[in-house]
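Visitor: need the 3D shape of this:
(one chain, ligands or ions: 3)
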Amino acid sequence: MHHTWEAVDHYFEAATGASDPVLSAALRAASDAGLPPIHVSPLQGRFLTLLAQICGASSILEVGTLAAYSTICLARGMSPTGRLTTLELDPRHAAVARNNLAAAGILDRVSLIEGPALESMRTLHARGHRVDLVFIDADKAGIPDYFDLAVRRALPGAVIVVDNVVRDGKVLDHSGQDPSVEGVRRFAASLASDTRIAATTLQTVGVKGYDGFAIALVPRSQ
Ligand code: SAH
Ligand code: DHB
Ligand code: MG
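Guide: Ligands and ions are numbered 1, 2, ... in the order given. Here you go, the predicted model:
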């Protein structure tokens, strides 16, 4: 099946023009620097661009930058006067990301904060930073905390997307052995009773294998 998923992804990637020289250069720089190839796929990146446009996003928060591939995609869909804040723990990743953001010509609209995302989010929270689109894609054990803080900072109508909630079906492992799976499962277990949001998940296949997104909306009025 993997072969078909990849072939279909490549087919639609070409059909939609989801890859372009700026994004390809960002991936090349990441690979040259030895970063892991765990960016969203080109078509998923296009999804993030469209989502930012659909939301009319002007204050985007990303948790987990890596080489800024998804950052560039999100920023492209942001309103022209918007700002994007992206959080990254690893200084080597942040350095590659900065170069890629500069090459993409968007460094002036993006703040990259180095350090543990939870600390950065708490600082932003204390400063009253509000968001209308959040992409959570760092360590999976941290998802419940990142999601809760994101909801607390969300403007009415905000959308929160969480990456990698399926991981080849690993999400069904209830042994409690894998902290990444536990992070997703604790998050999932909170969704039905979380009256602040409405949420769903979408399973995905493609060049990144079998995975999925959770998507939550913070309604405008409750
Ligand atoms: N969003 C990127 C991929 C992110 S990969 C894209 O799709 O292009 C996950 C990133 O989260 C890695 O760069 C990793 O260093 C970072 N990360 C892991 N734990 C973190 C933490 N506690 N705080 C901030 N970033 C973290
Ligand atoms: C991993 C992390 C990701 O954010 C992703 O999209 C794929 C894989 C990982 O840590 O293996
Ligand atoms: Mg991811």
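Visitor: residues touching Glu6, list them.
Guide: Counting by C-beta atoms under 8 Å, 6 or more residues apart in numbering, Glu6 touches 206-207. (Glycine included, C-beta is placed from N, CA and C.)
Visitor: got it, and Asp173?
Guide: Each residue near Asp173 by C-beta under 8 Å, 6+ apart is listed here: Val181.
Visitor: go on, Val162?
Guide: Neighbouring residues of Val162 by C-beta under 8 Å, 6+ apart: 136-137, 143, 147, 187, 213-216.
Visitor: filter those by proximity to ligand 1?
Guide: Checked against ligand 1 using C-beta under 6 Å from any ligand atom, those give the following subset in range: Asp137.
Visitor: list just the nearest of the contacts of Val162 to Ser70.
Guide: Comparing the contacts of Val162 against Ser70 with C-beta to C-beta picks out Asp137 as the nearest, at 6.5 Å.
Visitor: circling back to that earlier point, inside helices: which ones of the contacts of Val162?
Guide: Per DSSP state H, helices hold the following members of those: 143, 147, 187.
Visitor: ok, Ala150 - how many residues close by?
Guide: 25 (other C-beta atoms under 10 Å).
Visitor: and it, what's its pLDDT?
Guide: What the model reports for Ala150 is a pLDDT of 98.
Visitor: need phi/psi at it.
Guide: Summarising the backbone geometry of Ala150 under the convention degrees, to the nearest 10, its torsions are phi -60, psi -50.
Visitor: helix or strand for the residue nearest to it when sequence neighbours are not counted, just tell me which one.
Guide: Closest residue to Ala150 in three dimensions, ignoring its sequence neighbours and counting by C-beta to C-beta, 6 or more residues apart in numbering: Val134, at 4.3 Å. Using DSSP states H and E, Val134 sits in strand 131-136.
Visitor: show me where this protein has its strands.
Guide: For the chain, the strands identified by DSSP state E occupy 59-63, 83-88, 110-114, 131-136, 154-162, 198-206, 209-217, in order along the chain.
Visitor: coming back round to it: tell me the one of the ones in helices among the contacts of Val162 nearest ligand 3?
Guide: Checking those against ligand 3 with C-beta to the ion, the nearest one is Ile143 at 10.9 Å.
Visitor: pretty sure the closest one is touching Asp137, no?
Guide: No - in this structure, Ile143 sits apart from Asp137 without contact. The criterion is C-beta atoms under 8 Å, and the distance is 9.6 Å.
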